[in-house]
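A.B. asks: Give me coordinates for this.
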Amino acid sequence: MVFSKAWTLEKHFKDFPKPSDFKLQEIKLPEIKDGEVLLEALFLSVDPYMRSYSFVVMKEGDIMIGSQVARVVESKNSAFPVGDFVISSAGWTTHSISDGKNLEPLLRNWPKHLPKSLALGTIGMPGLTAYFGLFEVCHLKEGDTILVNAAAGAVGSVVVQIAKIKGCKVVGCAGTDVKVAYLKEIGCDEAFNYKTVSSLEEALKKASPSGYDCYFDNVGGAFSRVALLQMKQYGRIALCGAISVYNDTAPQIGTYPVVSFILKELKMEGFIVTRWKDKSEEALKQLMTWVVEGKLKYHEHITEGFDNMPTGFLGMLKGENTGKAIIKV
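C.D. replies: As a prediction, the model looks like this:
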């Protein structure tokens, strides 16, 4: 008999999420059936998408959505023997039962010296988001100048480094001086704290007087209204996230620089990483190769203890993490 701890969504978020929006419960799991496996979570992910997407796919009382690295502790499914490590979408729970359909095995030959939590970050969904956003949406090419906001986060920090690997000039923005120092450490040609500059427009122009070929947007809102005016002819904009407006109570309104879009023939595209699922394994292998070669550095913000999942989630939304925010069970 196995009892699982699980965090459920007690109330849909209104304004900034609160600890009282979550409830910790204990759930008795049944014996596994033929074709099923019992999983034990080792690392869990907290991501910005959970703030907005939970309202779309969840009911109050549901287990909070999310991915985890888990170990198979009991199996009646030959495809997932005991001891295997998998990526599961079981959400915020310590133990779960799966028929295998929602499981992804870790890449083969995972190096022993690399933490398996990277499968939730640099060699996982955030890394893939950076990879496909750059190559499939921005159509990145050598010599481009790229602007990245929230550049010290899970996705942004990978965007910075892939762009540098591909011979681009990278301008990164973050919200603390410590994060700006990190951006310079991982290769940003120019980096600044958008919260302390006197003028965002002037800071962007100073960082790249000729403008930007690509803009990888993780923030949206007021930042983008300024940044979009700095694009070069035929510029490409990848809309990955809009964390600055996720907690707004009213729909975002405002005008985009339409005339500039027309005259400069700009392309702006929103995307969700699952569009390229058929290419994911190849991309993950490339990300792992870069990590092993030392070309792609990683940084994890680890919160210890499953009971602290809401704390880790709220801290991530406040921007307390550098790199990927992870909960270690």
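
A.B. asks: what helix or strand is the spatially most central residue of the chain on?
C.D. replies: Closest residue to the average C-alpha location of the chain: Pro126 at 3.9 Å, with Cα atoms, centre = their mean. Following DSSP states H and E, one finds Pro126 within helix 125-132.

A.B. asks: Check the offset of that helix from the chain's centre.
C.D. replies: Taking the mean of its C-alpha atoms, helix 125-132 sits 8 Å from the chain's own mean (Cα atoms, centre = their mean, to the nearest Å).

A.B. asks: Repeat that for stretch 29-45.
C.D. replies: Centroid displacement of stretch 29-45 relative to its chain, using Cα atoms, centre = their mean, is 25 Å.

A.B. asks: first to last residue in it, what's the distance?
C.D. replies: Its start and end residues considered, stretch 29-45 measures 22 Å (Cα to Cα, to the nearest Å).

A.B. asks: Equivalent analysis for stretch 6-13, please.
C.D. replies: For stretch 6-13, the end-to-end distance is 18 Å (Cα to Cα).

A.B. asks: CA atoms only: put the helix holding Pro126 into CSV for me.
C.D. replies: Below are the C-alpha coordinates for helix 125-132, written out as CSV (Å, rounded to 0.1, in the frame of the first residue of the first chain):
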residue,chain,number,x,y,z
MET,A,125,11.3,21.3,-22.1
PRO,A,126,12.9,24.8,-21.5
GLY,A,127,15.9,23.8,-23.5
LEU,A,128,13.7,22.6,-26.4
THR,A,129,11.7,25.8,-26.1
ALA,A,130,14.9,27.8,-26.6
TYR,A,131,16.1,25.5,-29.4
PHE,A,132,12.9,25.5,-31.5
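
A.B. asks: which strands and helices sit next to that helix?
C.D. replies: Contacts defined by 3 or more Cβ pairs under 8 Å, 6 or more residues apart in numbering; DSSP states H and E place helix 125-132 against helix 156-165, helix 280-293. Glycine gets a C-beta too; all of them are placed from N, C-alpha and C.

A.B. asks: How about residues contacting it?
C.D. replies: Applying Cβ atoms under 8 Å, 6 or more residues apart in numbering, the contact partners of helix 125-132 are 45, 47, 67, 120-121, 154-156, 158-159, 162, 216, 240, 271, 273, 275-276, 279-280, 283-284, 286-287, 324.

A.B. asks: run the last query once more with 7 Å
C.D. replies: 67, 121, 154-155, 158-159, 162, 240, 273, 276, 280, 283-284, 287, 324 (Cβ atoms under 7 Å, 6 or more residues apart in numbering).

A.B. asks: and what of stretch 187-194?
C.D. replies: With contacts defined as Cβ under 7 Å, 6+ apart, stretch 187-194 is touched by 151, 160-161, 164, 169-177, 180, 183-184, 200, 203, 207, 223.

A.B. asks: can you tell me how far Asn102 sits from Gly61?
C.D. replies: Distance of Asn102 to Gly61, computed by Cβ to Cβ, to the nearest Å: 20 Å.
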